[in-house]
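got a predicted model here, sequence first, then my questions.
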Amino acid sequence: MEILEQRFKHLVERVPGLLAVSLTDRDGVPVAKFVTESCDEKLLNPMFVASATVAIEQAAKLGLGKNKSLVVSLGTHQVVHLNLSPLIANFVANETCNTGLLLSLADSIALDTETVRRAVDAHSAAPS
């Protein structure tokens, strides 16, 4: 996970306005994250992230296909959730951050997290 956290730190340093990056399971439990001091950690609360997961799943039921992302604007912050099933990547940014840039990071984050996603898939598919 340390490699992922270093990658997240690099993203935060490279993207103006990006305050935090986290990778969570569908229940909002953090797998890896990097958070700056200026980030409101409430925006990475497991309940908040889990509710985004539910919204992503419900949006898929509208008949428009698999939902890839969810963008939430909250006052002076924006939160972008990327569906990397079975995991969710979460970006917390200030209001001036380029939302399109955050969305364009989906393929890169998907590659960076492939090993972890396969491990979670294998674990959840294993008989209890």
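The structure has been received and is ready for your questions. Numbers count the residues shown, from 1 in each chain.

for the protein, give me the ranges with low pLDDT.
Applying pLDDT under 70 to the chain flags residues 1, 124-128.

in it, which helix has the most residues?
Of all segments of type helix in the chain, defined using DSSP state H, the longest is helix 46-60.

sheet partners, orientation included, of the following helix or strand past it?
Next along the chain after helix 46-60, taking DSSP states H and E as the criterion, comes strand 69-74. Pairing partners of strand 69-74, with direction, according to DSSP bridges: strand 77-84 (antiparallel).

how far off centre is the strand it pairs with?
In terms of Cα atoms, centre = their mean, to the nearest Å, the centre of strand 77-84 is found 5 Å from the chain centre.

and the residue lying closest to Lys68 once chain neighbours are set aside, what does it touch?
Closest residue to Lys68 apart from its sequence neighbours, by Cβ to Cβ, 6 or more residues apart in numbering: Asn83 at 5.5 Å. C-betas here are computed from N, CA, C, even on glycine. For Asn83, the contacting residues are 56, 66-70, by Cβ atoms under 8 Å, 6 or more residues apart in numbering.

of those, grab the buried ones for ChimeraX.
Buried residues among the contacts of Asn83 (16 or more other Cβ atoms under 10 Å), as a ChimeraX selection:
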select :56,67,68,69,70
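
against Ile3, how distant is His81?
Distance, His81 to Ile3, by Cβ to Cβ, to the nearest Å: 22 Å.
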